[in-house]
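[1] sequence isn't available, so here's the structure alone:
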């Protein structure tokens, strides 16, 4: 009898300990977040990453129940801020606002691979070539002929090596080599490149739609072409921006050239933390502010979840990194980062 009682007591004790362990586990899962988060924007204020990142974390704060402070840390085409996040504890409290992470490694800027970052793609932003309103180039064909006939004389401003605008031109150059004849001028971010174009420091910019939409609407900048498969009609503009393929049909094989922007974090943070961040992000994408931003800034609200975003990351890395490497622009083989050919 005593033996049975002891066995029953031991069984009950083990059951109670198991329940307590489960409760503790559930409690641990609910601990994130217990303090404010930090969003690193690895570019100057005013560019696509900055605007979209700030919008998203503002929309996430109610779900998270904590604040998110934003720190702009520009440098090395976004690599400085990305490295700061990578060196911080991988606990979900430090996030990055940026475009799809694919080219840093092959461009020799970092030793991490795209798959080292989990990604949440909120918006697709198309690339546009724009010039000042008083530019002598009234059509894209005018600009193209000048680039083709006078190598090194026509200047184009981007956010730097590895930035969206720079990579768009490299992708297009892979099918139309003459586009590589322009003189590339690097700036500290997309907004700075657009401002330089407005001021006449450079002849054109191939940057992102949301970085120049207000100047396009005002007429201070004129869009000569869009890196889209079809003409691009943006809200508030009186004309549709022709596709570059209307002028250079061979470019149709590499269109669209744009980038997805959102949030990212190291891929080895706890899965429960990822779920909290993903849920808060998806709620932020449903807000009126997120929807209004798409119309106001000439971008497409995608609101992709973690799985779909990472699939986009991998497909983009495969496509773009091999184009850059085969063109001799990337200094490191994509094979070094386990990026397969498309």
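    Perfect, I can see it now. Everything quoted here is computed from the prediction, not taken from an experiment.
[2] use CA for all of it now, contacts and neighbours both
    OK.
[3] the closest residue to residue 219 other than its chain neighbours - how many residues pack around it?
    Excluding the flanking residues, the one nearest residue 219 by C-alpha to C-alpha, 6 or more residues apart in numbering is residue 133, at 6.6 Å. Neighbour count of residue 133, defined by other C-alpha atoms under 10 Å: 17.
[4] touching, residue 133 and residue 216? I think so.
    No. Look at residue 133 against residue 216 with C-alpha atoms under 8 Å: they stay out of range, at 9.3 Å.
[5] got the contact list for the residue most central in space within the chain?
    Nearest to the mean C-alpha position of the chain, by C-alpha atoms, centre = their mean, lies residue 99 at 0.9 Å. Going by C-alpha atoms under 8 Å, 6 or more residues apart in numbering, residue 99 touches 49, 259-262.
[6] which one (most neighbours) among the residues you listed?
    Within the contacts of residue 99, most neighbours by other C-alpha under 10 Å means residue 262, with 30 neighbours.
[7] for the nearest residue to residue 252 once chain neighbours are set aside, grab phi and psi.
    Setting aside the residues directly before and after it, residue 252 is nearest to residue 245 in space (C-alpha to C-alpha, 6+ apart), at 5.4 Å. Backbone torsions of residue 245, given as degrees, to the nearest 10, read phi -70, psi -20.
[8] burial of residue 245, as a residue count?
    When neighbours are counted by other C-alpha under 10 Å, residue 245 registers 20.
[9] so it sits right up against residue 254, yeah?
    No. Counting by C-alpha under 8 Å, residue 254 is not a contact partner of residue 245; they are 9.8 Å apart.
[10] how near is residue 326 to residue 92?
    Here the criterion is C-alpha to C-alpha, to the nearest Å. By it, residue 326 lies 36 Å from residue 92.
[11] ditto for residue 290
    Residue 290 sits 22 Å away from residue 92 when distances are taken as C-alpha to C-alpha.
[12] the two: which has the busier surroundings?
    Set side by side, residue 290 and residue 92 show more neighbours around residue 92, with 25 against 21, by other C-alpha under 10 Å.
[13] so that one sits against residue 274, correct?
    Yes. Counting by C-alpha under 8 Å, residue 92 touches residue 274, with 7.4 Å between them.
[14] can you classify residue 262 by secondary structure?
    The three-state label given to residue 262 by DSSP: H, G, I helix; E, B strand; the rest coil is strand.
[15] how about it, what does it touch?
    Shown in contact with residue 262 (C-alpha under 8 Å, 6+ apart): 49, 52-53, 56, 97-100, 119-123.
[16] identify the farthest-apart pair in these.
    56 and 100 (15.7 Å; C-alpha to C-alpha).
[17] more crowded one of these two?
    residue 100 (26 against 23).
[18] per-residue confidence for that one?
    Looking at residue 100, its pLDDT is 88.
[19] my guess is it meets residue 261, correct?
    Yes. Using C-alpha under 8 Å, residue 100 is in contact with residue 261, at 6.4 Å.
[20] now do the shared contacts for these two.
    In terms of C-alpha under 8 Å, 6+ apart, residue 100 and residue 261 are both contacted by the residues residue 121.
[21] near residue 185, how many other residues are there?
    With other C-alpha under 10 Å as criterion, residue 185 counts 18.
[22] that one contacts residue 156, correct?
    Yes. Between residue 185 and residue 156 there is a contact under C-alpha under 8 Å: 5.9 Å.
[23] where do the contact lists of the two overlap?
    residue 202.
[24] helices of the stretch 201-342 of the chain, start to end?
    Secondary structure of the stretch 201-342 of the chain, counting by DSSP state H, counting those that start in this stretch: helices at 209-218, 271-285, 288-297, 306-326.
[25] next, residue 55: secondary structure please.
    helix.
[26] just checking, it touches residue 290?
    Yes. Using C-alpha under 8 Å, residue 55 is in contact with residue 290, at 7.1 Å.
[27] which residues do those two both contact?
    By C-alpha under 8 Å, 6+ apart, no residue touches both residue 55 and residue 290.
[28] now do the SS call for the residue nearest to residue 76 when sequence neighbours are not counted.
    Closest residue in space to residue 76, ignoring its immediate chain neighbours: residue 109 at 7.3 Å, by C-alpha to C-alpha, 6+ apart. Secondary structure state of residue 109, per three-state DSSP, is coil.
[29] contact partners for residue 332?
    Neighbouring residues of residue 332 by C-alpha under 8 Å, 6+ apart: 105-108, 325.
[30] if you set the cut-off to 10 Å instead, what comes out?
    Going by C-alpha atoms under 10 Å, 6 or more residues apart in numbering, residue 332 touches 104-109, 321, 324-325.
[31] so residue 82 touches residue 105, yeah?
    No. If you go by C-alpha atoms under 10 Å, residue 82 and residue 105 don't touch, sitting 11.9 Å apart.
[32] and those two? which has more neighbours close in?
    residue 82 (29 against 23).
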